[in-house]
Each structure stands twice: as structure tokens, then as C-alpha cells.
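Novice: Sequence isn't available, so here's the structure alone:
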Ligand SMILES: O=C(O)COP(=O)(O)O
């Protein structure tokens, strides 16, 4: 059913789009490195490793610290135990230094009131996605949460988008992906849906405009029905 708003389905990236997560991810990485007796990494490095899932981020941090290729880290017999240690630290850190970006909660509430289907589409593993969303009381604002390990493939594979288009019976041209990275732009392009990007997130250190999203929006308030929609829905806070 059409909502009177330009989109019936909006998928949101998590890290760097809905929630600033990098500071507590860096804390958890450095807790782990310290517990193993290795020197810490810098926040700026962690920012650039976000996008392919938190496990991959840990692989990149260890590859950097050990001076070895990522494949060697993945194959290292110690990796499983180090990942388990990281998981403990990350769950302890969840919600301590992350925060939703300006306009996120209000916009999601207003879109829900308009009847738009809202989905989180992240490469972060489900065991971390849910605690982050819970820490900021965001879970209930979404119809569905698709993490990096929910389906057999993750972004930039478009399977999650295709699955949502079918599930909610939404035509492709009424679906929007909102993200912060080249991975999000590629995912939307593979699915043939619109993609808008925020400039404040993590795009491996590159400006997001260079990735060619359909629009760069200053923050999520640009999506609010009162700003974008044709229907006069109240902009509730
Ligand atoms: O966990 C990650 O590296 C990426 O998460 P994102 O897809 O929400 O940006």
C-alpha cells in the first residue's frame, strides 16, 4: 500500500549512519590488544576499518599490529580465542561511547507514523547489532534488522534488499537505502534502488560524494515526512 510519502521501504545502514559506534569499537579493540600484550591502534585507523563487519575489523587491526596479511590472521590458530575475547569486551563497551546521530530517533518515529517500512541493514554481526540498538532504545522503531550474518551473504550483495522488496511487496522505485559508505552505494546499485548518503560516517576515509549516491543529505532529518513527504504528517518528537 502506498503511503503518500515518496518511499514505502527504507533500509538504513547502522555504523556511521544511525549510530556513531567507532569510539567504543576502538575501545573494545584496544581492550583486546592490551589483554594480549600488544600495543593499541588509533581511532582514525579503526574508523577506516569499519564497513565489512566487526569480525573483519578485528582481522584488520591484528593484521596491522602483527604486520601480516589479513589472510594470515584469519588462518592463525589464535584468532578464535582472540575473537572471543574481543566479543566479551565489545559487549561490555556497547552503549558506553556510541550515540545516535542528530535527527535519527525523531525521523524514524515520524516515518513509522507515516507507515513506511523501516529496516536496519548492517554488515555488523547480529550478536553486536542487537546490543547496540538496544543500548539506544532503537530496536522497536524497526520492522526488521538484517545483520551481516543474518543471510548467507552480506552487503554489497543485494539479497537483503531483494528479500525486503518481496516481503513487504514494495516496488523497486519506492525503496531507498540510506548509508555512509561505498559498500552501501554498491549494494543499492546492485539492487537497482535509490541510495542517499550521509557525509558524517565511515567511508574508509574517502568523501562519500565520490561514490556517486543519488543524494548526499546532511543528516536523517532530511528524510522526515514534514520535509520530504507530500502528506502533511505531524513531525512528532
Ligand atoms: O560492522 C561493520 O563493519 C559495518 O557496519 P555497517 O554495515 O552498519 O556500516
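Specialist: Yep, that arrived. Predicted, not measured: the structure shown is a model, and the values here were computed from it.
Novice: From here on, just use CA atoms for contacts and neighbour counts.
Specialist: Fine.
Novice: mind checking pLDDT for residue 219?
Specialist: Predicted confidence (pLDDT) for residue 219: 97.
Novice: Let me know the outermost residue of the chain.
Specialist: Residue farthest from the centre of the chain, counting by CA atoms, centre = their mean, is residue 37 at 30.4 Å.
Novice: and this structure, which residues reach the ligand?
Specialist: Residues of the chain lying near the ligand by CA under 6 Å from any ligand atom: 13, 14, 15, 50, 51, 52, 53, 54, 122, 123, 124.
Novice: Contact partners for the fourth one?
Specialist: Contacts for residue 50 (CA atoms under 8 Å, 6 or more residues apart in numbering) come out as 15, 22, 57, 202, 203, 204.
Novice: So for stretch 4-23, mean pLDDT?
Specialist: Rounded mean pLDDT across stretch 4-23 is 96.
Novice: mind checking how far it is from the chain centre?
Specialist: Relative to its chain's centre, stretch 4-23 lies at 7 Å (CA atoms, centre = their mean, to the nearest Å).
Novice: and the contacts of residue 50, which of them are in helices?
Specialist: Using DSSP state H, the members of the contacts of residue 50 that fall in helices are 22, 57.
Novice: What's the end-to-end length of stretch 102-121?
Specialist: Stretch 102-121 has an end-to-end distance of 19 Å (CA to CA, to the nearest Å).
Novice: Buried residues, it. List them.
Specialist: 103-112, 114-121 (16 or more other CA atoms under 10 Å).
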